[in-house]
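In: What would the 3D arrangement of this be:
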Amino acid sequence: MKQQLKKTLLITTVLGAFFFAFFALIACDTDTDIDENGYGNGNGNGNDVAQQVFRIGAIQPIEHPALDDAFRGFVDELAAHGYIEGENLEIDFQNAQGDASTMSTITDRFVAQNKDLVMSLGTGATQTMKAKSDTIPILGSAITSFTVAELVESNEVPGGNVTGTSDMVPVIEQVDLMLALLPDIQTVGFIFNSGEANSVENIRLIREEVVSRGLEYREVTVANANEVQQALTSLARDVDVIYTPTDNTIAAAMGMVGQISLETGVPVIPGATTMVEEGGLATAGVNYYELGRITGLMAIDLLHGADPATMPVRVMTEDSIIVINGTVAEALGITIPDHLLDYVITTD
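Out: The predicted structure follows:
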């Protein structure tokens, strides 16, 4: 009887150890499922990281509604999959307020703190962070061309510690929209900050498209927001429409840009949908909230050990949306074609 009891206890002990190990293995499985494009689909829902707090540094170069939307989408997507600030996530968000030395100080601190991941908005912030670390995973967002900015070797295989999401604008669709609203224009004006690699590449692409349509162009550059008013007013005298890319300097002054547009009667086609809401006429642009959401999904993979060197840059051109400011169109006497009426918004 005692011998039988010993055998029973032995079997029970072995089985208990087996099931304990089995369920422990399941609980420790932290892999995030990957969608058909190679990006996390959020099935890593935070339950697997209950005992770990991920530390993310986030840097934004300047106040900019499009960048604000991108960061909001990033945070919301992480939260939707169980990565909650104050629980298993710590996000140290910093805004450089347009100051290069402040941006350098912020990135130095992120390196000293050895963040698990840095999410950087815009080309300049990402370039600054990359110059400070080749080991911390850097997830850039709202960058027109990662290759032109020399952040990656290629979009398909980044090859280093940087990857992310591109806001490359759909230039063909933008020019199509411009001509649909303003069929009689002959000369397009460009205004941008030549110090922003993002803007230089965007203008190169739109310039080629404008010329291919038989249109002429004029362009002016600015170094900072203080130069925008004079440059824009001067440019408006010589052109029928003004185009500005997803340029941080112009975006920061978009309220003034919209006012000058109304005063001169020259419409502005900006690169970002948020810039339309602030006084631009219309654009076919990127949904920055969606851009941030996709960036958040990529962050989940990186936090769980994915290699940025082999994680492709996501380009959002195929996800562009049209926005037309009906209030501005009415003020400028522009008739919106019937097939575009579904894209009209009104502003105060």
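
In: So the chain: which segments form each domain?
Out: Domains of the chain are assigned by automatic domain parsing as 1-30, 47-167+287-315, 171-285+321-345.

In: Surely A149 is in contact with T128?
Out: No. Contact status for A149 versus T128: not in contact, 11.3 Å apart, counting by C-beta atoms under 8 Å. C-beta coordinates here come from the backbone N, C-alpha and C atoms, glycine included.

In: Make sure A131 is indeed in a helix.
Out: Yes. According to DSSP: H, G, I helix; E, B strand; the rest coil, A131 belongs to a helix.

In: I'd like the average pLDDT over stretch 119-139.
Out: The pLDDT scores in stretch 119-139 average 96.

In: Could you list the buried residues of it?
Out: Residues of stretch 119-139 classed as buried by neighbour count (16 or more other C-beta atoms under 10 Å): 119-130, 132-133, 136-139.

In: Okay, now it: how far is its last residue from its first?
Out: By C-alpha to C-alpha, to the nearest Å, the extent of stretch 119-139 from end to end equals 5 Å.

In: same thing with stretch 339-348?
Out: Rule used - C-alpha to C-alpha; the end-to-end distance of stretch 339-348 is 24 Å.

In: Okay, buried residues for it please.
Out: Buried residues in stretch 339-348, defined by neighbour count with 16+ other C-beta under 10 Å: 343-344.

In: Averaged pLDDT, that stretch. What do you get?
Out: For stretch 339-348, mean pLDDT is 91.

In: Run through who's touching that stretch.
Out: For stretch 339-348, the external contacting residues (C-beta atoms under 8 Å, 6 or more residues apart in numbering) are 177, 180-181, 276-277, 279, 282, 322-329, 336.

In: same thing but 10 Å
Out: For stretch 339-348, contacts defined as C-beta atoms under 10 Å, 6 or more residues apart in numbering pick out 177, 180-181, 258, 273, 276-279, 282, 284, 321-330, 336.

In: circling back: who touches both of A149 and T128?
Out: Common neighbours of A149 and T128, using C-beta under 10 Å, 6+ apart, are G122.

In: Pull out the buried members of the contacts of stretch 339-348.
Out: Buried, going by 16+ other C-beta under 10 Å: 177, 181, 258, 273, 276-279, 282, 284, 322-326, 328-329, 336, out of the contacts of stretch 339-348.

In: List the ones among those residues that fall in helices.
Out: Cross-referencing those against helices under DSSP state H gives 177, 181, 258, 273, 276-277, 326, 328-329.

In: tell me which of those residues is nearest to R314?
Out: Using C-beta to C-beta, T273 is the member of those that lies nearest R314, at 18.2 Å.

In: my read: the closest one touches M316, true?
Out: No. At 11.9 Å, T273 does not count as touching M316 under the criterion of C-beta atoms under 10 Å.

In: Which neighbours do the two have in common?
Out: Common neighbours of T273 and M316 (C-beta under 10 Å, 6+ apart) are 285-288.
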